[in-house]
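**Q** Need coordinates for the following:
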Amino acid sequence: MKGCLISLEGGEGAGKSTAMSHLAARIAARGVELVQVREPGGTETGEAIRRLLLDPASTGLCAETELLLMFASRAQLVRETVMPAIARGAVVLTDRFTDASFAYQGGGRGMDAGRIAELERWVCGIKPDLSFLLDLPVEQGLARARGRGPSDRIEGEADTFFERVRTAYRRRAAEEPARWRVIDASQPVDAVLAALDIALDAYFGAAR
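**A** Just a heads-up that it's a prediction; the model follows:
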């Protein structure tokens, strides 16, 4: 099987950490090389950018700065880690990728989707081969997220911000149904993981 990029997306409190661990174990069990990364971050440079972006004290960041920092982190990740891994036949599993910018900076911040798409083409040049969207009502997700402790800079946004994020994610999934698998993350954890398994098995079966 050729190398590929699989992304996991979703709003706050959707259960991405649990899903990432599960997907990583299932992919590794297939005997392929697995490279697991996260966004923003995934490299030394990216992690420094992540700290700035998520620090609640970073109150002065305008939407344009936030977007460009996200793509600066992504540029380093793609060139340093993602593309070399795919070239040698590895499966790269990432916690968020470019779709997150369309959802958070596009939907949430109201930035022009065309500009984000241009950055996607110029900075990354690739899209995930398979994307999972963990979807659940915003109120439910935020209750989970805020129950974990202090919020980071983005988690502290208003509920209406996250409603726009969810709408943008669902629109992305509807526009590219061949790439996306939408999982109802309001279900019990076992049901969510079972749905991930079915979709992952179907993808690898088709990719042989």
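**Q** dump the residue contacts of the residue nearest in space to the middle of the chain.
**A** Most central in the chain under Cα atoms, centre = their mean is Arg96, positioned 1.5 Å from the mean C-alpha point. Applying Cβ atoms under 8 Å, 6 or more residues apart in numbering, we find Arg96 in contact with 7-9, 38-39. (C-beta placed from N, C-alpha, C; glycine too.)
**Q** Show me what the biggest helix by length in the chain is packed up against.
**A** If you go by DSSP state H, the chain has its longest helix at helix 189-207. Helix 189-207 sits against helix 16-28, strand 130-135, strand 180-184, with contacts defined as 3 or more Cβ pairs under 8 Å, 6 or more residues apart in numbering; DSSP states H and E.
**Q** Just name the most buried of the ones you listed.
**A** Of all the helices and strands packed on helix 189-207, strand 130-135 has the most neighbours on average by mean count of other Cβ atoms under 10 Å, namely a mean of 23.
**Q** which residues sit against that strand?
**A** Contacts of strand 130-135 (Cβ under 8 Å, 6+ apart): 4-11, 14-16, 19, 23, 97, 99, 166, 169-170, 172-173, 179-185, 192, 196, 199-200, 203.
**Q** Partner strands of it and their direction?
**A** Strand 130-135 has the following sheet partners, assigned by DSSP bridges: strand 4-10 (parallel), strand 180-184 (parallel).
**Q** Flag every buried residue along the helix or strand following it.
**A** Per DSSP states H and E, the first helix or strand lying C-terminal to strand 130-135 is helix 138-146. The neighbour-count check on helix 138-146 (16 or more other Cβ atoms under 10 Å) flags 138, 141-142, 145 as buried.
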